[in-house]
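Asks: missing the sequence, but the structure's below:
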Ligand SMILES: [Zn+2]
């Protein structure tokens with residue numbers, strides 16, 4: 001049987017198809033991994049954006065663990081508490097930035113305050129940015145433009 005550490009390492013390779021640069025572990029989607037008898041149980045919380053892709057993510061988790069030698073794999077969903085963008089790890093935030101997506105500010109439940117936090121440009125770091133459109137390519141993204149380097153970019157909205 002695989003160790004928890006090995007299971008986590010395999011989960012690190014599973015991506016959300018919407019943001020392929022960031023793993024489901026970095027997105028903070030994996031609540032727990034456990035072993036019950038011959039079964040590996042992975043419990044995950046869908047992100048807002050992950051939802052349409054959830055089935056794909058679940059089958060990829062199962063396929064990768066089976067491939068690595070797990071006898072049986074089950075995924076369980078944990079819907080409460082709901083996923084929060086605060087759960088994205090620091091490594092995940094760096095990867096979002098590297099793909100030109102401003103990471104959401106950490107809000108610790110103070111969402112209204114988080115929406116007022118200035119958004120730094122992921123390209124040049126300037127805080128001279130302007131909200132252009134509340135909805136980017138997906139519902140969870142807002143479109144900004146940087147007034148320093150003139151680059152438009154998307155922000156992953158805090159939720
Ligand atoms: Zn800029």
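Replies: The structure has been received and is ready for your questions. Keep in mind it's a predicted model, so treat the numbers as computed, not measured.
Asks: where along the protein do the helices fall?
Replies: 4-11, 54-67, 90-98, 111-116 (DSSP state H).
Asks: Give me the contacts around the last one.
Replies: Contacts of helix 111-116 from elsewhere in the structure, counted by CB atoms under 8 Å, 6 or more residues apart in numbering, are 104-107, 158-159. No exception for glycine: its C-beta is placed from N, CA and C like everyone else's.
Asks: how about a cut-off of 10 Å?
Replies: Here helix 111-116 makes contact (CB atoms under 10 Å, 6 or more residues apart in numbering) with 84-86, 104-108, 110, 131, 142, 157-159.
Asks: worst average pLDDT in the helices of the chain?
Replies: The stretch with the lowest mean pLDDT among those is helix 111-116, at a mean of 81.
Asks: care to break the protein down by domain?
Replies: Recorded structural domains for the chain (assignment: automatic domain parsing) are 4-77, 102-156.
Asks: which bits of this structure sit near the ion?
Replies: Where the chain comes near the ion, counting by CB under 5 Å from the ion, the residues are 121, 123-124, 126, 146, 148-149.
Asks: Please list only the buried members of these.
Replies: 121, 123, 146 (16 or more other CB atoms under 10 Å).
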